[in-house]
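Colleague: Kindly return the folded structure for what I paste below:
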Amino acid sequence: MEIARQFVQRHRAIINPGGPALLLLTMVIVFTAINPRFLSWINLFNLMRQSSILLIVATGITFVILMGAIDLSVGAIVTFVAISSAVLIRDFGFSAAAILFAASVIGALCGLFNAILVLRLRIPSFVATLSTMTIIGGISTWISGGVNVFFRSPDLTWVASGAMIGRIPNSGILALLIFAVASFIGTRSHFGRSLFAIGGGGVTARLSGIDVLRTKAIAFVASGMLCGIAGLLLVARTSTGTARMGDDLLLQAIAAVVMGGTALSGGSGGVHRTLIGVLVIAVLQNGLNIAGVHTYIQIMVTGLIVILAVTVTLDRSRLAFIK
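Modeller: Model (predicted):
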């Protein structure tokens, strides 16, 4: 474990955290100048509610990316859990507590399936999770019958859209708690240090006594479980499960992780850095909405901002090569 600890200490993020922070501050100033309502308490709480799901998904996928792998199935898992939860509530009368447990288990099982493909069948994570994305997407469509799944659960709606402390949204508090726990695990635990070591070199990590297979499996399962929680919160907002409702989260989550300073090659960055990337994307989308920018233009602008942010803040001197 000493090798892993030294590796963590040596490897900083390849993205200067000051860059995304400066971009975030600039966007806040610009959007406030365009519309003063941007910094209103109502909009800030709305921003917190909107970014909560992305933060949960991005937190989970950071674990996977840290070890040098990728999980392309996160959006599909969110959709699958959302539709499955809607069906379980509508047809079987699951309570809010029961469906929260079920959603976490379903997501974790999806992550376990990814782990089996990658670790036991030795399929590259890109190919394995791309296949899982397609499979789960088909199952979601089959379960829903190709139509929207409506349900009613006042308790679950309150969890996702209500407020227990003042007007602070419950979903935002839950997302921050998950992020805080994951950040502590990623920086202070044996598991977190093992992820860095594996991302820097699997052989070296194995020689230092790390159980590489178990660590990778836990990372995939954790990512799937957090996607399950995110899927439940997403469907609870509207009480309607729809096909492909989580598809946008894949690129947004990866972009947030990269802008936060975690390298796609693994071994650099950390879960604690993901929050800044999530805020950049959430503020951008919210600000464009406040400014009245058309949805299609928002998509293009978001993509351009991600490219610009990574281009400006990437420390290329820390890259041995570009994949």
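
Colleague: now the protein, which segments are flagged as low pLDDT?
Modeller: Where the chain drops to pLDDT under 70, the residues are 1-17, 306, 309-323.

Colleague: Tell me which residue of it is furthest from the middle?
Modeller: Leu207 (30.8 Å; CA atoms, centre = their mean).

Colleague: Distance check, that one against Ser194.
Modeller: 13 Å (CB to CB, to the nearest Å). For glycine as for every other residue, the C-beta is placed from the backbone atoms N, C-alpha and C.

Colleague: Work out for me the element Met164 sits within.
Modeller: Using DSSP states H and E, Met164 maps to strand 163-165.

Colleague: Pull the residues that contact the following helix or strand past that strand.
Modeller: Using DSSP H and E, the helix or strand that follows strand 163-165 in sequence is strand 168-169. Residues outside strand 168-169 that contact it (CB atoms under 8 Å, 6 or more residues apart in numbering): 45, 48-49, 52, 161-163.

Colleague: Name only those of these that count as buried.
Modeller: Neighbour-count burial (16 or more other CB atoms under 10 Å) applied to the contacts of strand 168-169 gives 45, 48-49, 52, 161.

Colleague: ok, back up a step: just the contacts of strand 168-169: which are in strands?
Modeller: Ala163 (DSSP state E).

Colleague: of the contacts of strand 168-169, closest to Ala175?
Modeller: Ser52 (3.7 Å; CB to CB).

Colleague: got a list of what Val271 touches?
Modeller: Neighbours of Val271 in contact, by CB under 8 Å, 6+ apart: 59, 62-63, 66, 179, 182-183, 185-187, 192.

Colleague: Which of these sits closest to Val283?
Modeller: Lowest distance from Val283 to the contacts of Val271 (CB to CB) belongs to Phe179, with 16.6 Å.

Colleague: For that closest one, give me its contacts.
Modeller: 55-56, 59, 271, 274-275.

Colleague: if you look at those residues, which of them are in helices?
Modeller: 55-56, 59, 274-275 (DSSP state H).

Colleague: Is it possible to get CSV of the residues you listed that adds neighbour count and distance to Ala21?
Modeller: Putting these into CSV (neighbours: other CB atoms under 10 Å; distance: CB to CB, whole Å) gives the following:
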residue, neighbour count, distance to Ala21
Leu55, 28, 16
Ile56, 28, 22
Thr59, 29, 19
Thr274, 30, 13
Leu275, 20, 11
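
Colleague: Quick check: the two most widely separated of those residues?
Modeller: Ile56 and Leu275 (11.5 Å).

Colleague: mind listing what His296 touches?
Modeller: No His there; residue 296 is Tyr. Per CB under 8 Å, 6+ apart, neighbours of Tyr296: none.

Colleague: Which helix or strand contains it?
Modeller: Counting by DSSP H and E, Tyr296 is found in helix 295-313.

Colleague: Which stretches in the chain count as helices?
Modeller: Counting by DSSP H, the helices of the chain are 2-10, 18-34, 41-66, 74-92, 96-115, 125-144, 154-161, 170-188, 190-200, 202-207, 212-238, 249-260, 274-290, 295-313.

Colleague: what's the closest of those helices to Gly267?
Modeller: Comparing the helices of the chain by CB to CB, helix 190-200 comes nearest, at 3.2 Å.

Colleague: Which secondary structure elements does that closest one sit against?
Modeller: helix 2-10, helix 41-66, helix 170-188, helix 202-207, helix 212-238 (3 or more CB pairs under 8 Å, 6 or more residues apart in numbering; DSSP states H and E).

Colleague: buried set for that helix?
Modeller: Buried residues in helix 190-200 (16+ other CB under 10 Å): 191-200.

Colleague: returning to that earlier point: counting by contacts, list what the strand holding Met164 packs against.
Modeller: helix 170-188.

Colleague: Alpha carbons of the helix it packs on, as PDB, please.
Modeller: The C-alpha coordinates for helix 170-188 follow below in PDB (Å, rounded to 0.1, in the frame of the first residue of the first chain):
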ATOM      1  CA  ASN A 170     -34.000  17.400  -0.600                       C
ATOM      2  CA  SER A 171     -32.400  16.100  -3.800                       C
ATOM      3  CA  GLY A 172     -29.600  18.700  -3.500                       C
ATOM      4  CA  ILE A 173     -28.900  17.700   0.100                       C
ATOM      5  CA  LEU A 174     -28.900  14.000  -0.800                       C
ATOM      6  CA  ALA A 175     -26.500  14.600  -3.700                       C
ATOM      7  CA  LEU A 176     -24.100  16.700  -1.600                       C
ATOM      8  CA  LEU A 177     -24.100  14.000   1.200                       C
ATOM      9  CA  ILE A 178     -23.400  11.300  -1.400                       C
ATOM     10  CA  PHE A 179     -20.600  13.400  -2.900                       C
ATOM     11  CA  ALA A 180     -19.100  14.100   0.500                       C
ATOM     12  CA  VAL A 181     -19.000  10.500   1.500                       C
ATOM     13  CA  ALA A 182     -17.600   9.500  -1.900                       C
ATOM     14  CA  SER A 183     -15.000  12.200  -1.700                       C
ATOM     15  CA  PHE A 184     -13.900  11.000   1.700                       C
ATOM     16  CA  ILE A 185     -13.700   7.400   0.400                       C
ATOM     17  CA  GLY A 186     -11.800   8.500  -2.700                       C
ATOM     18  CA  THR A 187      -9.200  10.400  -0.800                       C
ATOM     19  CA  ARG A 188      -8.900   8.800   2.600                       C
END
